[in-house]
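> No sequence on hand, only this structure:
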């Protein structure tokens with residue numbers, strides 16, 4: 001069976017990493033923090049310098065975390081039980097494969113491809129990133 005890369009998944013689902021991060025940390029019980037405040041500040045500064053001038057709000061926190069991951073940095077994710085986990089973009093790749101592996105029991109992967117992803121889909125995905133399988137979803 002062929003594998004799908006995380007980049008290809010985003011393309012097929014017409015999703016951006018920023019949107020995925022927003023979904024994963026809104027109402028799911030998971031929290032996201034910078035692993036290194038200096039890295040967060042640096043990415044924020046870089047994004048502000050290249051952000052479209054007509055966008056009065058600038059990059060949001062999800063844009064900054066996405067930028068950190070895309071630059072190979074680590075973010076800190078706190079699960080619903082309060083345990084911290086270091087997460088990289090490579091973990092998103094592994095989580096995607098776990099999401100696909102559990103597609104028969106959970107519809108989250110199909111939900112993304114069909115444009116029907118919701119909080120439950122996001123919860124299953126972040127579970128797969130952290131634990132390799134849906135736990136809280």
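Everything's here; your move. Just so we're clear, the structure is a prediction, and the values are computed from it rather than from any experiment.
> State the distance from the residue nearest to residue 31 when sequence neighbours are not counted to residue 24.
Counting by C-beta to C-beta, 6 or more residues apart in numbering, residue 31 lies nearest to residue 78, which is 4.3 Å off, once chain neighbours are set aside. All C-beta spots, glycine's among them, are computed from the backbone N, C-alpha and C. Distance of residue 78 to residue 24, given as C-beta to C-beta, to the nearest Å: 12 Å.
> Looking only at neighbour counts, state which of the two leads.
Between residue 78 and residue 24, counted using other C-beta atoms under 10 Å, residue 24 has the larger neighbour count: 24 against 16.
> and the residue lying closest to residue 130 once chain neighbours are set aside, how many neighbours?
Leaving aside its sequence neighbours, residue 130 sits nearest to residue 85 (C-beta to C-beta, 6+ apart; 5.2 Å). By other C-beta under 10 Å, 16 other residues sit near residue 85.
> Which residues outside the one helix or strand residue 85 maps to are in contact with it?
Under the criterion DSSP states H and E, the helix or strand holding residue 85 is strand 84-87. Applying C-beta atoms under 8 Å, 6 or more residues apart in numbering, the contact partners of strand 84-87 are 35, 69, 74-79, 129-130.
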